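>>> Below is the sequence, then the predicted model.
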Amino acid sequence: MSSIIFRTATRYMFPPLLMFSIYLLLRGHHYPGGGFVGGLLAGAAFALHSFAFGVEAARRALRRDPRSIMAVGLAIALLSGLPGLFFGEAFMAGIWWEIPLRPGVTFDLGTPFIFDIGVYFTVLGVLLTLVFAIGEEE
Amino acid sequence: MEILLAIVVGTLYASGIYLMMRRNLVQLIIGLGLLSHGANLLIFIAGGLRSNRAPILAEGEKGFSTVMADPLPQALILTSIVISFALTAFALVLFLKTYRIVGTDDVDEMKETDT
Amino acid sequence: MVEFVCTIVTVLLLIAFAASFVRVVIGPSLPDRVIALDMAATIVVAIILTHCVQSGSAYYIPAAISIALLSFVGTVAFALYISKGGPS
Amino acid sequence: MLILLSICFVAALFAPLVYRILPKYSGALLMVAPLAMFLWLIKQIPVIRHGHVIKQTVSWVEKLGLELAFCLDGLSLLFALLISGIGILILFYTQGYFKGHPQQGRFLAYIIAFMASMLGVVLADHLLLIFIFWELTSFTSYLLIGFNHEREDARKAALQAMLVTVLGGLFLLAGLILMSNASGTWLLSDLIQRGAELRAHAHYLPILVLVCMGAFTKSAQFPFHFWLPNAMQAPTPASAYLHSATMVKAGIYLLARLHPALGGTEEWTVILTTIGTTTFLVGAIMALGQHVLKRLLAYTTVSALGAMVMLLGIGTEETIKAMMAFILAHAFYKATLFMIAGGITHETSETSVDKLGGLRKAMPYSFVCALLAGWSMAGIIPSFGFVAKETWLHALEHYPVLIVATVMGGAAYVLVGYCTGVKPFIGKRKGGHHLHEVPFSMRIGPAVLGLGCLVLAILSEPIGFGIVEPAVSAITGESHAVHLHLWAGFNKAFYISLGTLGLGIGCCFARRGFLKLGSGLSIFARIGPDAAYRGILAAVLKFAAWQTRVLQTGLLRDYIRVTVLTTVVLVGYAFIRAGGFERWENLMPISPQVAMVAMLMILAAFFTANSKSRLRSILSMGVVGYGMAMLFTFFGAPDLAMTQLVIETLTVSLLAMAFYHLPTFRMGSSLRTRSIDVAISVAVGVTVTLLVLAALHVQTPTPVSDYYLEHSYKEAHGRNVVNVILVDFRALDTLGEITVLAIAALGAYALLKLKPKKKGASE
Amino acid sequence: MELFIYNVLIAMLWGLLTGNMSVGSLTIGYVLGYISLTLLYPPTGKKLSYFEKSIQLIRFVLYFTKELLVSSWRVARDVVKPLPQMRPGVVGIPIDAKTDLEITMLANIISLTPGTLSLDVSPDRKTLYIHAMYVLNPDDLRKEIKEGLERRLLEVLR
Amino acid sequence: MTLLPSLPIIIPLAGAVLCMLMRRNIAAQRVIALVTSGIILLISLYIMMLTKDGTIAVMNVGDWQAPYGITLVIDMLSSVMLLLVGLLAVGISIYAGAALDTERVKYGFFPLMLILLMGVNGAFVTGDLFNLYVWFEVLLTASFILLALGGERAQLEGSIKYVALNLLSSALFLAGIGILYGMAGTLNMAELAQVVQQGERGGLVTMVAVMFIMAFGIKCGMFPLYFWLPASYPTPPHVVTALFSGLLTKVGVYALIRVFTLIFSTDPEFLHGLILIGAGLTMLSGVLAAASHYEIRKILSVHIVSQIGYILMGLGLFTKLALTGTVVYLMHVIIVKTNLFLIAGIIKRIKGTNDLHRLGGLYKERPGLSILFLISAMSLAGIPPLSGFFAKLTLIIAGLRAESWLIVVVALGVSLLTLYSMTKIWAYAFWKPAPELLPDLDPMPKGQWILLLPVIGYTVIIISIGVFAGPVFDYADLAAEQLMEPQRYMEAVLGGN
Amino acid sequence: MITDILTCIFLLIGALLSLVAAAGVLRMPDLFIRMHAATKVGTVGVSSITIGLMIHFHAITVTSRGLLVIAFFLLTAPVAANMIARAAYRSGVNLWILTRVDEWKAHGEIEEED
Ligand code: NA
Ligand code: NA
């Protein structure tokens, strides 16, 4: 089994890692990052978890089967292409909503961003499907 | 500069092909990896190394004032990197499984289906 | 001045990178290669950070963090591999 | 016409069904189709007789110029009458022959389909349509010859017949298309008008040869005759129909049909006469040595077909008239004899003439019919065979050499006519078991046709101007009056004919000698065309096996070598063809960082490739990846650098995780192998480098990218242009990319978890 | 309680990352941190007490930085010298640290300090084995680590 | 047009996602796959209606105007290909639903199949070179997995060669794209065509074109690049081979046709000459290989190679008539080949083997199946008036009109050898009496009639292509016309400037 | 100006430290000693360069992220080193011949563990 040191370190690194991955996702549209790298880092966090506590524990922490997450991610990415149609535009046309955070400051939420979220979840699911499957190999 | 990089691309392709012709499954995978590196670098060079400035618009600005690196080859390479990662991962598992079932990782011994 | 120093720094770092690459090649044990590669990754981070200074764009910093984290995960994976008695 | 033809095909289609529902009456029911055709044709005789031509055209494949164009003139009328008329009789015959046979329905289907196809050949006016029906006859005859499919001989014979005739068909196709290209029309009726043009065309000789190849294979001309005797594996109704009366005459029909377009040249005459005469003699001689009923008949059929080609080759009005008369005579007597032979074998289970005898008591009807047919075959008055032979000899007046040949052949016909029409019925009974006459349905055909030999002779005159004359006119392309006489007086031809008969009778006495000769001739089986066919087939198969062995070695290395070398050679050739490089402009100056990274990458790639330790190899590849990331960093691609590094690390880690389950490197290749591989790899490297260098000097400004840079923030709300391209401008790529990722993971998972089942579990 | 601090820390980290220390941003950070934590710990009734130990923390950081620089220098010098002067050895150190966090922190700090590298904790969690570059006397080394690093660290943590 | 051209991509993906979400419910997956396939077919029929008057349907994904975004373009060729995919999808779904074991379904056969269809459709509709690469990878990945799924030894060995050589092809393809982009500054095929036709870069264009021949040549199984095909195709379940034979190599051919009529049409003497030589060698080599095998699926597999030769022959001749022939050949061979593999699957089910030496007696026992086989086999051999005849006929007429004698000779000879191979199967498996040693494994497997459904359907199509060759040729002719006049394509995409 | 000089100094220190570390990795006699060089000096090197970076940009966003870089390195480096060292020690990687004491004596005992 892995050492106390590693387990403890993992326990404390896990949340910041997840957070960092979301940070990369959110900032991806303006700065380097994006759903892909974000998803990979989130996956890396769970991979680390599985190294430290075993695949079973990591699966429990994830709550859902990674393959479902993957499918959901794909579904999000696909669905993000549809809103444009309701506005008479083409499939995958970007539709943007300005969400006021506080007076004067708005957050641009757009279908391309939702698409990126789909990428995030797909990549997360993919990486974990792989890591768990290889990890469970005898 | 580009000439040097062209040689790098050539070397990557050459090493990749050489590894693919070895007998070991792992070398096959590594060879494929080098090949995809080579292809990516080729796109990068052929797409033109026109600037070292990242194509990212600074906060507060509305448009680019200087020449930026070409963003399109970058996007293409990103896609290609991800795809080849996916394929490498799958190939790895495939080879693992093959080794288990066939009982060897010697590619030269895998000719049952051809004759 | 900064740009010039950055070039020198990058070259120095590349020499260090080369040195760690040599260790990757000569081994002799797997852990040797792994720590050498980990160090190579660290040096790449350093090079990227230097490039930030040189090009005046701070965009690469998240990249540096990602690499630090991922190389950690990679090193751990190798450590597990070694402790499972995996052959080199 | 089209409707009647369609009815025939429909009848074929439903034959098995009809048979299943009404097994007893299926023959009679299905007979309606050819009967309708036959009656319609009879009705057209006067029309055609007056020089009219009946045409019908329905468009089919417009873009290919292919129409369902049919044309009924004297020639096609004669053939169509034979086909449908004999077809009806064969259907009767089949009813009895296959009584109780489980696959009778299928047989009916095949033979009616064949009949329809054959009718199609003779009625079609469009060159391609002819070919379509032509191929259909080959195909249906394959099914018919192989009808006794559990016998290996039957399967082989069927294959042989089909390969030979289809091969010819392919030649024919090429010939027909060339002909159309040369003449600018697909329609036979137009083509005939443009004969002069065609004969003067540069492609005339190829066209002629190709068409002849088609016709000769179909009509069993030397040296393609060998398939016909072998095809006697077919059930007798099929042999009687296909291999005497109809299919084999398709080639004759075609040549006759094209005579106005292609005929009359020296080439035509030389080719047709030579081949025809050779076939005529070879068939006759081979027939002499046979003792199996059907083979006797088969070889004389070959011979007869040769005679027809010979007569057509000479191409005078007289010879063509003789040919038509002979076709008619031959169809009647040969079909009869085949049916009788089938009946004999049906009742006695005996195939050899020498083991038969004294059947006249048990099979009186058959005897009479056989006698009539044999009579005609021998060319003795009063029979239509005699009429034909008279006309024939008369036509050959100016070709003494051919007359000699005719006499020799005719003598053989006498012998065979005796052996098949008389000998089984006379003399002592052989074989003790209880024999009886063939069933009624099997008597109709021989009776009608046998009597026909006589009746036709009596009706020579009307047949001559009613049926033969239009046909001859169609062949020659101008109208002729044809007079056929049963008795033309004691002329030269008659004496020769008489001589032939005498020689033939002599042959009958010398038959034992011929049988010995026959066994001597069996050497042809080893060195003749049949052997050549087998040899070629075997050689092709051997070559095929060799090429498969050489190409499909099973070694991935070989595959990669060939693939890569081909690429290198072709790209290299294109490079040289393009004239190498031009000069480069606007290259970036060398910067020390990039140069160092480049050197490191080259080294790392080298160590990756040349490593005895797989981990060293893998980690060296990691270094290559890091080098890539640094290059991406230096050239303004932070997203790429980041992704590359992350992916590289992941890949290396995944490999490490998997390595636990894989063995270490063990097998090396020999020095020779490695040297070759190194050489190939270096060639690849050089080619790729040259390619990149060649690409450098043609770089253009990239308007697309400028658009992205300009619109990324304004319209796509993103500052990171690369990311905007990925999720907006070219989001579809990314959608595909994550799909790849997803299924790769799915696949890896499935591969790891799904355990292979025991053998044969799936499908 | 420990979790609460940790959560707050995460929220602040979020602020740092986004470069936006506004209330809204911190709330988002808090929520994200909460989600991450719940993924890790299914809710339990565990209760921990805590108080701010900023002064001790700062003192510790200063001490550690000094150690870091000094030993870095030592190692660097040794690396460059033609003939290295080191005396390496593997030494077991009895530890007072009890909790996972304490043990881990200690091990990490030891590893970070040049010249020492923690190898493993004994199964009974009482001994920490380290590899050291300069082992003139194992007992001196033990004392140095126990009195210096461990004491100060535990001060901060407890 | 804001959606329609993208539906052939979206619908299968949606179906696949649904299947992935319903991982455990096998019955639901079967239904989803069938319904999705049905929708694909309906859409392709609708698209066919739209494009049959010569309209080229264009859609800019994300409303980014060409050449900046990714443009989907459906001309007649694409439309025909889509329709074929639809037809195949429905039949394969039905067959797979009945034939496959639950394990394979549980581990994702249907989502993989649907994704394969997505990739294939994507390749057929895209008007962007890099996007084409992406779809290639999508369908390749799906095919890798379908090939290996099940994990039997032969499958795995075959997969390795398949993976290695196809990835090599991808590397070539990618290199070609990179250079082309550097040269032309665009990835939109219409604009690329414009740039190339301005013709300043002739030499380099030819080099890149050769690379594309190689890259697509590997994918479509051209001589001497086809090794992966015989190594891998005979290994997975029959329904997978059927799917592959219908679609995979054909996408490679489609790509060759697209690229070499639209973009690289400036140097036909060399490039199309090269393709023509390749075509001749391909058909010859494939058919010879078929002659040497005695296993139904191996024979059929190497025959794929041979048929690719015919399809390429039309492209190599590069006349309108020849391309018409190519399009008809594509229609014909996709259906026929799939059908033959499905029949081989049924034979395997009934007799437990596909080895000709061990088979026999099927003609006696299964007249219905025999006729179904015979029709497909003879169509493949080019016996009139079945689909294959018209396809070959057109090519041969085109060859003779172009006075390319040699290729015509080869094509005719190969046709004869094809006939030989088909009759070999017929004689051994159907006519020959059954060898005693082989017990009838499963005299009437339950649900076999479902397996026959698609086979019967395809047989009807095969006959219909022959009988209704007129309309079929109208479509093919329109497709060829559009291919020979790339100007139309460019105008449709770029708006005439 | 002063920031530039400071930036340069920190960058150079970082580079030199990395160089020294690399030299250590090349020269040191056994794995564990090499690890001292690799992990620590490398970490300090990166931190130094990061400080240079923070000084150069002297912007709050860059500084905060720079701090994060340092924090992540300080967090991951020792753990990674520990993992490798432990695994290596247990799997029997040779200690330098001049190693003075080995109080753990678990060297090469990996098989018992698993
Ligand atoms: Na690290
Ligand atoms: Na480190």
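That came through, no problem. Ligands and ions are numbered 1, 2, ... in the order given.

>>> pLDDT value on the residue nearest the centre of chain C, please?
Nearest to the geometric centre of chain C sits C:Ala41, at 1.7 Å (CA atoms, centre = their mean). pLDDT recorded at C:Ala41 is 88.

>>> One more: the one 5 residues further on?
pLDDT, the model's per-residue confidence, is 91 for C:Ala46.

>>> The residue nearest the centre of chain E: what's it in contact with?
For chain E, the residue nearest the mean C-alpha position is E:Met105 (2.9 Å; CA atoms, centre = their mean). In this structure, E:Met105 makes contact with E:97, E:153, E:157, judged by CB atoms under 8 Å, 6 or more residues apart in numbering or on different chains. C-betas here are computed from N, CA, C, even on glycine.

>>> closest point of chain D to ligand 2, which residue?
Closest residue of chain D to ligand 2, CB to the ion: D:Thr649 (12.9 Å).

>>> Neighbours of that residue, how many?
Number of residues near D:Thr649 (other CB atoms under 10 Å in any protein chain shown) recorded here: 29.

>>> what's near enough to touch it?
C:41, C:67, C:70-71, C:73-74, D:622.

>>> In the residues you listed, find the pair that's most separated.
Taking CB to CB as the measure, the contacts of D:Thr649 span a maximum distance of 13.6 Å, between C:Val73 and D:Gly622.

>>> In chain B, what residue lies closest to chain A?
Nearest residue of chain B to chain A, counting by CB to the nearest CB: B:Ala89, 5.4 Å away.

>>> Tell me the secondary structure of D:Val58, please.
At D:Val58, secondary structure determined by DSSP: H, G, I helix; E, B strand; the rest coil is strand.

>>> correct me, but it touches D:Leu68?
Yes. D:Val58 is in contact with D:Leu68 according to CB atoms under 8 Å; the separation is 4.3 Å.

>>> Neighbour count: the two, which is higher?
Higher neighbour count among D:Val58 and D:Leu68: D:Leu68, with 20 against 9, using other CB under 10 Å.

>>> what's the spacing between that one and F:Met331?
21 Å (CB to CB, to the nearest Å).

>>> swap in F:Ile56?
19 Å.

>>> likewise D:Ala202?
Distance, D:Ala202 to F:Met331, using CB to CB: 35 Å.

>>> Please say which of these two ends up with more neighbours.
Higher neighbour count among D:Ala202 and F:Met331: F:Met331, with 25 against 8, using other CB under 10 Å.

>>> State the pLDDT value of the more buried one.
93.

>>> D:Gly251 - how many residues pack around it?
Neighbours of D:Gly251 (other CB under 10 Å): 28.

>>> tell me which element it is part of?
Per DSSP states H and E, D:Gly251 falls inside helix D:249-262.

>>> count of neighbours near the closest residue to ligand 2 within chain A?
For chain A and ligand 2, the shortest gap (CB to the ion) falls at A:Ala9, measuring 13.1 Å. Neighbour count for A:Ala9, taken as other CB under 10 Å: 28.

>>> With F:Val208 instead?
By other CB under 10 Å, 27 other residues sit near F:Val208.

>>> What of D:Gly499?
By the criterion of other CB under 10 Å, D:Gly499 has 13 neighbours.

>>> Distance check, it against chain B.
D:Gly499 is 65 Å from chain B, where distance means CB to the nearest CB, to the nearest Å.

>>> what sits against B:Ile43?
Applying CB under 8 Å, 6+ apart, the residues near B:Ile43 are B:73, B:76-77, B:80, F:174-175, F:177-178, F:181.

>>> Could you rerun that using 10 Å?
For B:Ile43, the contacting residues are B:9, B:72-74, B:76-77, B:80, F:130, F:174-175, F:177-179, F:181-182, by CB atoms under 10 Å, 6 or more residues apart in numbering or on different chains.

>>> how about D:Pro592, what does it touch?
C:7-8, C:10-11, C:14.

>>> Now render those as CSV, adding secondary structure.
Below are those laid out as CSV (three-state DSSP):
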residue, secondary structure
C:Thr7, helix
C:Ile8, helix
C:Thr10, helix
C:Val11, helix
C:Leu14, helix
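
>>> What is the nearest of those residues to C:Ile48?
Closest approach to C:Ile48 among the contacts of D:Pro592 (CB to CB): C:Thr10, at 10.0 Å.

>>> is it true that E:Pro114 lies in a helix?
No. Under three-state DSSP, E:Pro114 sits outside any helix and is assigned coil.

>>> and E:Leu117, what element?
Take DSSP H and E as the rule and E:Leu117 turns out to sit in strand E:116-121.

>>> make that E:Arg74, sorry
Counting by DSSP H and E, E:Arg74 is part of helix E:54-80.

>>> Would stretch F:142-157 count as contacting chain A?
No. Remark: stretch F:142-157 sits outside contact range of chain A, by CB under 10 Å from any CB of the partner chain, the gap being at least 12.8 Å.

>>> just for the chain, where's the confidence low?
Since you didn't name a chain, this refers to chain A. By pLDDT under 70, the weakly predicted segments of chain A are A:1-2, A:102, A:104-105, A:138.

>>> nope, chain F
Applying pLDDT under 70 to chain F flags the ranges F:200-202, F:436-447, F:496-497.

>>> still on that earlier bit, run through the neighbouring helices and strands of the helix holding E:Arg74.
Helices and strands touching helix E:54-80, by 3 or more CB pairs under 10 Å, 6 or more residues apart in numbering or on different chains; DSSP states H and E, are helix E:100-112, helix E:151-157, helix G:2-27, helix G:31-35, helix G:42-57.

>>> try 8 Å
Applying 3 or more CB pairs under 8 Å, 6 or more residues apart in numbering or on different chains; DSSP states H and E, we find helix E:54-80 packed against helix E:100-112, helix E:151-157, helix G:2-27.

>>> where does chain C dip in pLDDT?
Those would be C:86-88, if you go by pLDDT under 70 across chain C.

>>> please redo it, this time with the cut-off set to 50
For chain C, no stretch has pLDDT under 50.

>>> and it, which residues reach chain B?
Selection of chain C residues close to chain B by CB under 8 Å from any CB of the partner chain yields C:55, C:57, C:59.

>>> 10 Å instead?
Within chain C, the positions adjacent to chain B are C:51, C:54-60 by CB under 10 Å from any CB.

>>> For chain E, give the residue positioned nearest to chain F.
E:Leu39 (21.8 Å).

>>> Need the three-state assignment for that residue.
What three-state DSSP gives for E:Leu39 is helix.
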